[in-house]
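**Q** Task: produce atomic coordinates for the following.
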Amino acid sequence: MRKDGNCDVLFRDLPGQWGLYITDIFTTLVEIRWRVMFLIFSLSYILSWLFFGLLYWLIAIWHGDMEDVGNNPCVDNVRTFTAAFLFSLETQTTIGYGFRGMTEECMVAIVLVTVQDVLSCFIDTFIIGIAVAKMASARKRAQTVGFSTCAVVNMRDGQLSLMWRVGDFRRNHMVEGTARAQIICHTVEPSGEVSVSYRDLNLCCNEIILATPTLIIHNIESNSPLYRLSRQDLQRDNFELVVTFTYTGDSTGMLHQTRTSYTPSEIRWGHQFLDMLKPKDSYYKVDYSLFNQTIKVNTPDDSSEKHEVKKQTSISVENLAHEPKTSGNSVGLTNDRPHEGTLKLTLTAGTVVSNCALLAELEDQA
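**A** The predicted structure follows:
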């Protein structure tokens, strides 16, 4: 997926490709480019004028209006193809210059004018509906809601966390929004087959009212696909983090979605986003020049799994240090100075050895 949210996927040999496009012609015209739409709409008018002008010209030839200038024509002052084309244009656009007009001589010409008027109403309605739907497209609104150009990994409340920022670049706010993130991995099997796997990331708070730019946070816990990744592993890994934000605009009530992706090279380990929100006396000021700016912070290079083991080992040592008595397989340290009191440190060998063995195993795996 590209940064603008479009997918780098090319479909080939779709069953009934052109038939599906024609069947759902309204959606097809809404999704095409503006220049193609203007070309199609212009041709629809011009070709209809030419078609009905040709029919008026053939009726004039059949009625003899081209040969006998003195007879009563089907259409006044239509004796050439150019005049027939101009009459068709004036009829369909309701210009009405007053020089050319329908007479009562030919019932066929009267029926043809009626059909052209009805058809012109359908063309106008269809074109106006397509233009309005295209201007109100959710894709255009989605371009005013954006994600930061990078994601960061740092410590938050004693836990390694993955974060990225989302913000609304318009003054009107969202009614409601839902954030979502997935890890996409591409694996090439020994047989040459390419398989794609998807893993959802649990977000701390995925329901957002986007009044100000907000950080989307994923805590790298034991159920996270990033739990065993260290800083070095992240640089070597090959995956894609796809993030989406689905929301409803308060001005239109329409559902929109903004999406982007981050590769491992776009995830900055040991960085955090700069604060954009500055409180004033009666309002909050948001500085969007800092939207993508980050600074380095102190962050361990170990994986979240290894960091948790180290933290548990440290807690075990501290708890054992506060035990009043020694028992079993333990080591005691006593201060020889009586006037300063006696200090005893008790370590249960089994707990410490098991934690150290786990740390050694993790280091061997790294």
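
**Q** From here on, just use CA atoms for contacts and neighbour counts.
**A** Will do.

**Q** what helices or strands is the helix or strand hosting Asp233 leaning on?
**A** Assigned by DSSP states H and E, Asp233 falls within helix 231-236. Helices and strands touching helix 231-236, by 3 or more Cα pairs under 8 Å, 6 or more residues apart in numbering; DSSP states H and E: there are none.

**Q** Give the other helices and strands that whichever helix or strand comes after that helix contacts.
**A** With elements assigned by DSSP H and E, the helix or strand that comes after helix 231-236 is strand 240-249. With contacts taken as 3+ Cα pairs under 8 Å, 6+ apart, strand 240-249 sits against strand 174-188, strand 255-262.

**Q** ok, residues contacting the first one?
**A** Outside strand 174-188, the residues within contact range by Cα atoms under 8 Å, 6 or more residues apart in numbering are 194-203, 206-211, 216, 225, 238-250.

**Q** Any of the residues you listed buried? List them.
**A** If you count burial by 16 or more other Cα atoms under 10 Å, the buried members of these come out as 201-203, 206, 208-210, 216, 239-249.

**Q** residue ranges for the helices of the chain, please.
**A** With helices called from DSSP state H, the chain shows them at 17-23, 25-31, 34-63, 81-93, 107-135, 138-142, 231-236, 304-321, 349-365.

**Q** Relative to Leu47, how far out is Ile130?
**A** Going from Ile130 to Leu47 by Cα to Cα, to the nearest Å gives 19 Å.

**Q** Likewise for Asp76?
**A** Asp76 is 23 Å from Leu47, by Cα to Cα.

**Q** Look at these two and report which has more neighbours.
**A** Counted by other Cα atoms under 10 Å, Asp76 and Leu47 do not tie: Asp76 has more neighbours, with 15 against 12.

**Q** okay, now His186: neighbour count?
**A** Look at His186: counted by other Cα under 10 Å, it has 13 neighbours.

**Q** One more: Phe52?
**A** Phe52: 22 surrounding residues under other Cα under 10 Å.

**Q** who are the neighbours in contact with it?
**A** So Phe52 contacts Phe85, Ser88, Leu112, Gln116 (Cα under 8 Å, 6+ apart).

**Q** Could you tell me which of those count as buried?
**A** Using 16+ other Cα under 10 Å, the buried ones in the contacts of Phe52 are Phe85, Ser88, Gln116.

**Q** Dump those residues into JSON lines; add distance to Asn319 and pLDDT as well.
**A** Converted to JSON lines, the buried ones among the contacts of Phe52 look like this (distance: Cα to Cα, whole Å; pLDDT from 0 to 100):
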{"residue": "Phe85", "distance to Asn319": "97", "pLDDT": "93"}
{"residue": "Ser88", "distance to Asn319": "95", "pLDDT": "92"}
{"residue": "Gln116", "distance to Asn319": "91", "pLDDT": "93"}
